[in-house]
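[1] test case, fold it:
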Amino acid sequence: MHFMFSLFGLMVVLFHFFASICCNHFTLLLFLSNQVVHLCKRKWIEESTYPRFTMIGQSFGSIYLSWEALCKLTPLFYFDTSGYAFTYPLARIFGCQVICYTHYPTISMNMLARVSLQSSMYNNNALIARSRLLSQCKVIYYTVFSWMYGFVGSCANLAMVNSSWTQSHIEKLWKIPECTRRVYPPCDTSGLQVLPLEKPRESPKIISVAQFRPEKAHIIQLEAFSVAIRQLDSRLPRPKLQFVGGCRNKEDEKRLQHLKDKAVELNVEMDVEFYKNVTYKDLVKLLGGALAGIHSMIDEHFGISVVEYMAAGAIPIANNSAGPKMDIVLDEDGQQTGFLAGSVEEYAEAIVTLLKMSETQRLEMAAAARKRSSRFSEQRFYNDFKEAIRPILSQSSYSC
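    Below is the predicted model:
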């Protein structure tokens, strides 16, 4: 598609912007290009191009796309924020300094462990999980791929990562801890911080903000909500669960409809509301009225929606893994900031506990959560980004 912007060419433009705010040596900007390169090989990184062996297909496809980009324009700095680590050796061959901001490792040790244990998940087909032979074959595939991923990733001059969880996996796989820096993503929560911490208690709202994708595990939230309602004292106000998210395609639409059907099956359809593709203004309004925010994705690399819950005064009930566990839902000044859960029963218990809390206890927790959310501000991102990238900008020959 000739009219589409290249992800790699766009990185050069973004780098021009970041350099302008990071670098004190303004003459360096003369070496940076602000051109946008149009590429024709975009289809080689599309998931739909590889129905099977998607990871390896997209990875090698990205090399082809990168070759086209680098032949058309070879920058001094090659800045990747899309996770195409297999392009780094090629960029080094072209003489570029390679910088990346990795949101999520293409493969992780957790993925390998789940395949070994034959656990069925969104990224491990049930047919493969049921077969020992197929699982062993997939383990070999993942093992070989993880070695290749480790090799190409080690070609980065600077690897910025968005969370402690991502950092631990990248350091194990790429083995360049001295070149790895944790830079939390910018969360613009200024508009949410001003929302009142007091929430209506007559009809408490629990909000869930996430695209209707399989890894977001909305069914667990619905089942936990159903269990919690059955466990609630009849004298307590009956809560409502609000699903807020976007649909990218027909598959997401089907998942949304399945969620609605499941609410009917669990006999909670009158207590559940669905909001599809809402505007940001409407999202802020919904967050402002929410007593709590629920999140159930396993191994969420960071969890910006959890930070948004906390900033809005909605106490988070998040999955007990990765970003929420390691970086976000931690005590603030000795005060609990939310709940972590891993099963339907644990989520239900957290919901019931929250609804039974006194207003004073809830306000103290909400205030601590809001204070913690400020640790992930845009300003902190700018400061950490500048600190990480300054050595490479000031010394073009920098390498680890």
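
[2] for the stretch 201-350 of the chain, what spans make up the strands?
    Residue ranges of the strands in the stretch 201-350 of the chain, as given by DSSP state E, counting those that start in this stretch, are 205-209, 240-245, 272-276, 292-294, 315-319, 339-341.

[3] compare those strands and give me the one nearest Lys260.
    Nearest of these to Lys260, taken as CB to CB: strand 272-276 at 6.5 Å. (Each C-beta comes from the backbone N, C-alpha and C, glycine too.)

[4] give me the distance between the two termini of stretch 280-299.
    With CA to CA, to the nearest Å as the measure, the ends of stretch 280-299 fall 26 Å from one another.

[5] low-scoring stretches of the chain, by residue?
    For the chain, applying pLDDT under 70 flags the ranges 1-34, 113-131, 395-400.

[6] now do the domain split for this protein, please.
    Following automatic domain parsing, one finds the domains of the chain at 7-186+379-394, 190-376.

[7] need the ones you listed in TSV (columns: mean neighbour count).
    Rendered in TSV, the data for the domains of the chain read as follows (neighbours: other CB atoms under 10 Å):
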stretch	mean neighbour count
domain 7-186+379-394	17
domain 190-376	19
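
[8] relative to Trp67, which of the strands of the stretch 201-350 of the chain is closest?
    Nearest of the strands of the stretch 201-350 of the chain to Trp67, taken as CB to CB: strand 240-245 at 36.8 Å.

[9] what sits up against that closest one?
    Contact partners of strand 240-245, identified using CB atoms under 8 Å, 6 or more residues apart in numbering, comprise 203-212, 216, 218, 221-222, 225, 256, 259, 268, 271-276, 278, 283, 286, 290, 294.

[10] so where do the helices sit in the stretch 51-200 of the chain?
    54-72, 88-93, 109-116, 126-130, 132-153, 164-174, 190-193 (DSSP state H, counting those that start in this stretch).

[11] rewinding a little: of all the strands of the stretch 201-350 of the chain, which lies closest to Asp333?
    Using CB to CB as the measure, strand 315-319 is the one of the strands of the stretch 201-350 of the chain that comes nearest Asp333, at 16.1 Å.

[12] got the angle between that closest one and strand 205-209?
    An angle of 50 degrees separates the directions of strand 315-319 and strand 205-209 when computed by axes from the mean of the first three to the mean of the last three CA atoms, to 10 degrees.

[13] check which helices and strands strand 315-319 sits against.
    strand 292-294, helix 304-312, strand 339-341, helix 344-356, helix 359-373 (3 or more CB pairs under 8 Å, 6 or more residues apart in numbering; DSSP states H and E).

[14] of all the ones you listed, which one is nearest His103?
    With CB to CB as the criterion, His103 lies closest to helix 304-312 of those, at 10.5 Å.

[15] check which helices and strands that closest one sits against.
    helix 190-193, strand 205-209, helix 280-288, strand 292-294, strand 315-319, helix 359-373.

[16] any chance of these in JSON lines, plus distance to Tyr64?
    Converted to JSON lines, the helices and strands packed on helix 304-312 look like this (distance: least, CB to CB, whole Å):
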{"stretch": "helix 190-193", "distance to Tyr64": "42"}
{"stretch": "strand 205-209", "distance to Tyr64": "36"}
{"stretch": "helix 280-288", "distance to Tyr64": "37"}
{"stretch": "strand 292-294", "distance to Tyr64": "41"}
{"stretch": "strand 315-319", "distance to Tyr64": "36"}
{"stretch": "helix 359-373", "distance to Tyr64": "41"}
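
[17] which one of those lies nearest to Gly83?
    Smallest distance to Gly83 across these (CB to CB): 21.6 Å, for strand 315-319.
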